[in-house]
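Visitor: build me a structure from this.
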Amino acid sequence: MEFEIRTDLYKREKYLEKIRGFYHECEIIKVLTGVRRCGKSSIMNLIAGELKESGVKEENILYFNLDKKPFNKIETADALDEVIAKNGKAKGKKYLFIDEIQNVKGFEQVINAWREQGDYSIFITGSNSYLLSGDLVTKLTGRYIEFNILPLSFDEYCRVKEFFGKQVSSDRMAELRNYIYEGGFPYVLRLNSMNDKRRYVQSLIDEIYEKDIKKRIKIRNRAAFDSIMKYVVNNFGSTTSIQNIVDDFAKNGLPVKRETVTRYINALISAKILMPCDRFDMKSRKSLSGEKKFYLSDLSFYYALNTDNRINFGPVLENIIYIYAASLDYSISVGKIGKLECDFILRDNEMNYSYVQVAYTILESRETEDREYRALESIRGDNYPRYLLTTDTLLQKRNGIFHANLADFILNGRRF
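Guide: Numbering: from 1, shown residues only. As a prediction, this is how the structure comes out:
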């Protein structure tokens, strides 16, 4: 079947390099998940393009986008099986790409059957983690690997702007402010006015609700769902609990059941709007149940749901670091050290840790400086690196803690 390499796509190298080692693996299904419009389809197209450029014959690449013609009418497992069989006549290893596979009910058995053939390297995308809630998980444990794709991190945002021919300010802090307001959805960077950018994200929220939430769970009261979503989005980066939300709604005359709040928040997590961050007690070395923080997969969700354009730099800068660290495959938690809290404990795939504190500035006063350093200075017993990331350009040296300008740290591609 004919496959066209697109030349208008920015190569998101930090994701492609994670996947390349599995390009030719037939035993492992490659599952690309992420919030809608974050760029999963583009990455899959780039993968197919790299395979074609490396010498894989066009007839050995099977590429089906189930949201677009002529494949948008494929809704059953039998129809999907038939179109794969019809197009998979080539000899040798085939590379099967299926975009938006959750459109097909019962797709798991079809995909498993083709994986069992032994000569298919399979790549699939889905817009939410419901993709991994059925037989794909229960029957294929150890036979698939998930790659979570995020909207653009700040470094990608700047590079994609250049790729699209947009002007990138030499003032890195000015560009960071643009990123905060615009967010990291790739299509947003093609739009010129802030009004158009906000309208796009608002329509995206509606699309996520209709396609990824409403179809999966029963929502009897849309107003209650919207209120809970707005509450959690408005409190991103703050320590919260289900009971806190229930109590706050009750105080405002809006009684809501704990089970309902739990279900709606889980739906927002599954739709990849929210990213949960557990709190970790560094003394007991255990996760703390109940309270946690939620971050946004993209900051534009906050501004699309609010008319207030002021920046609360504390949670906003934390969110930027969360997205950047997640894009580099770090496991992320919040560190509790007695009465103190370290914004992030990061762990890489080789089990190395690092500690990160995020603040707008430490230059206001000695008291401010002491407060931001205190949590990092209280960490004892290991030699893992400690970072204080701020927007300051005058940098401090103190007790072996690495103080860096946040924008420079990200744009220079630094790892923790």
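Visitor: what comes up buried for stretch 139-147?
Guide: L140, Y144, E146, F147 (16 or more other CB atoms under 10 Å). Placement of C-beta: from N, CA and C, glycine included.
Visitor: centre of the chain to it, how far?
Guide: Remark: stretch 139-147 is offset 19 Å from the chain centroid, using CA atoms, centre = their mean, to the nearest Å.
Visitor: distance between the ends of it?
Guide: 19 Å (CA to CA, to the nearest Å).
Visitor: try stretch 277-296
Guide: Using CA to CA, the two ends of stretch 277-296 sit 11 Å apart.
Visitor: residues contacting it, please?
Guide: 232-233, 235-241, 243, 265, 273-276, 302, 318-319, 322-323, 332-338, 342, 344-345, 379 (CB atoms under 8 Å, 6 or more residues apart in numbering).
Visitor: cool, and stretch 203-213?
Guide: 35-37, 127-128, 130, 185, 219, 225, 267-268, 270-271, 273, 301, 304-305.
Visitor: repeat that for stretch 148-160.
Guide: So stretch 148-160 is contacted by 10, 12, 14-15, 32-35, 38-40, 43, 168, 175-176, 179, 182-186, 189, 272, 297-298, 320, 323-324, 326-327, 407, 410-411, 413 (CB under 8 Å, 6+ apart).
Visitor: which among these end up buried?
Guide: Using 16+ other CB under 10 Å, the buried members of the contacts of stretch 148-160 are 10, 12, 14-15, 32-35, 38-40, 43, 175-176, 179, 182-186, 189, 272, 297-298, 320, 323-324, 326-327, 407, 410-411.
Visitor: narrow the residues you listed to those in helices?
Guide: 14-15, 40, 43, 175-176, 179, 182, 320, 323-324, 326-327, 407, 410-411 (DSSP state H).
Visitor: quickly check these for the two that are furthest apart.
Guide: Maximum pairwise distance among these (CB to CB): 26.9 Å, between K40 and A407.
Visitor: which element follows whichever strand or helix holds A223 toward the C-terminus?
Guide: Assessed by DSSP states H and E, A223 sits inside helix 222-234. Using DSSP H and E, the helix or strand that follows helix 222-234 in sequence is strand 239-240.
Visitor: contacts for that following strand?
Guide: Counting by CB under 8 Å, 6+ apart, V232, R279, E291, K292, K293, F294, V334 sit against strand 239-240.
Visitor: show me what the fourth one is bridged to.
Guide: Taking DSSP bridges, one obtains T240, D278 as the residues bridged to K292.
Visitor: do you know how far it is from A359?
Guide: 21 Å (CB to CB, to the nearest Å).
Visitor: more crowded one of the two?
Guide: Ranked by neighbour count (other CB atoms under 10 Å), K292 and A359 place A359 first, with 22 against 17.
Visitor: please name the nearest non-neighbouring residue to R263.
Guide: Nearest non-adjacent residue to R263, counting by CB to CB, 6 or more residues apart in numbering: I217, 6.3 Å away.
Visitor: cool, and F164?
Guide: Nearest to F164 is L189, by CB to CB, 6+ apart, at 5.7 Å.
Visitor: contact partners for that neighbour?
Guide: Per CB under 8 Å, 6+ apart, neighbours of L189: L152, Y157, V160, K161, F164, K166, E182.
Visitor: doesn't N112 make contact with K139?
Guide: Yes. Using CB atoms under 8 Å, K139 makes contact with N112 at a distance of 6.2 Å.
Visitor: need the residues touching each of these two.
Guide: In contact with both K139 and N112: no residue, using CB under 8 Å, 6+ apart.
Visitor: centroid residue for the protein?
Guide: Nearest residue to the geometric centre of the chain (CA atoms, centre = their mean): L150, 3.2 Å.
Visitor: sorry, back to before: tell me the buried residues within the contacts of stretch 277-296.
Guide: 232-233, 235-237, 239-240, 265, 273-275, 302, 318-319, 322-323, 332-337, 342, 344-345, 379.
Visitor: how about the strands of this protein, start to end?
Guide: 29-33, 61-65, 94-99, 120-125, 144-148, 239-240, 274-281, 286-296, 331-337, 340-347, 353-358, 386-390, 397-398, 401-405 (DSSP state E).
Visitor: where does pLDDT dip in the stretch 1-150 of the chain?
Guide: 1-3, 127, 129-130, 133-136 (pLDDT under 70).
Visitor: could you do the stretch 201-350 of the chain as well?
Guide: 284-285.
Visitor: does G237 touch P315 like I think?
Guide: Yes. Assessed by CB under 8 Å, G237 is found in contact with P315 at 2.8 Å.
Visitor: contacting residues for the residue nearest to Y303 when sequence neighbours are not counted?
Guide: Closest residue in space to Y303, ignoring its immediate chain neighbours: Y181 at 6.2 Å, by CB to CB, 6+ apart. Counting by CB under 8 Å, 6+ apart, Y181 makes contact with M194, S300, Y303, N309.
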